[in-house]
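Colleague: quick check, what structure comes out for this input:
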Amino acid sequence: MPTSLLLLLKRAERRIELGLQELLDEFELTIEQWRIMAALHEEAGQPMSVLAEAAVLPAASLTRHVDKLVERGLIVRRVHAADKRRIVAALSPVGSTVAIRVSAVQRELEAELADYFQMEIHERSGSATQR
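Modeller: Coordinates of the predicted model:
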């Protein structure tokens with residue numbers, strides 16, 4: 001019986017989280033904090049509203065996590081250059097170093113999952129043609 005896409009995606013997410021856990025523990029990061037850092041690693045200088053969406057976090061949770069990351073010196077907050085009323089976040093130099101290390105492991109895990117999904121797709125298409 002085929003597994004739903006929703007379950008496959010949740011399993012993939014869980015595999016990545018488990019694969020990153022040791023490294024996240026080393027840096028004393030939660031998975032939510034890593035998602036914030038990963039979003040900033042992809043695009044620096046994001047306003048908080050954009051960052052909340054990119055990190056898939058509610059705004060209230062985002063603020064709490066960002067505060068902790070700022071306290072630890074992993075993220076910096078600045079006033080937006082064009083709109084002085086807005087605050088943007090970016091990785092600090094230390095945060096960038098951490099993000100590079102964790103991103104490398106995450107990419108390896110994602111490559112393994114991509115191989116798994118390729119096999120899964122191939123098996124499903126093979127069974128569909130046999131019907």
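Colleague: mind listing the helices for the protein?
Modeller: According to DSSP state H, the chain carries its helices in the segments 5-26, 31-42, 48-54, 59-71, 93-130.
Colleague: for those, give me TSV that also has mean pLDDT.
Modeller: Below are those laid out as TSV (pLDDT from 0 to 100):
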stretch	mean pLDDT
helix 5-26	91
helix 31-42	97
helix 48-54	93
helix 59-71	94
helix 93-130	81
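Colleague: for those helices, state which one has the densest average packing.
Modeller: helix 31-42 (a mean of 20; mean count of other Cβ atoms under 10 Å). Every residue, glycine included, has its C-beta placed from N, CA and C.
Colleague: tell me what it is packed against?
Modeller: helix 5-26, helix 48-54, helix 59-71, strand 75-79, strand 87-91, helix 93-130 (3 or more Cβ pairs under 8 Å, 6 or more residues apart in numbering; DSSP states H and E).
Colleague: list the contacts of P58.
Modeller: A52 (Cβ atoms under 8 Å, 6 or more residues apart in numbering).
Colleague: which residue, other than its chain neighbours, is closest to V56?
Modeller: Nearest residue to V56, sequence neighbours excluded (Cβ to Cβ, 6 or more residues apart in numbering): R35, at 6.3 Å.
Colleague: ok, now V79?
Modeller: Per Cβ to Cβ, 6+ apart, closest to V79 is I87, 6.4 Å.
Colleague: and V105, by the same measure?
Modeller: Spatial nearest neighbour of V105, chain neighbours left out: L23 (5.6 Å); criterion: Cβ to Cβ, 6+ apart.
Colleague: so A90 bridges to which residues?
Modeller: Note on A90: beta-bridge partners by DSSP bridges are V76.
Colleague: which one of the helices and strands packed on helix 31-42 lies closest to H41?
Modeller: Proximity to H41, assessed across the helices and strands packed on helix 31-42 by Cβ to Cβ, is greatest for helix 93-130 (4.0 Å).
Colleague: correct me if wrong: V94 contacts G73.
Modeller: Yes. The pair V94 and G73 passes the contact test of Cβ atoms under 8 Å, sitting 5.6 Å apart.
Colleague: good, we can wrap up now.
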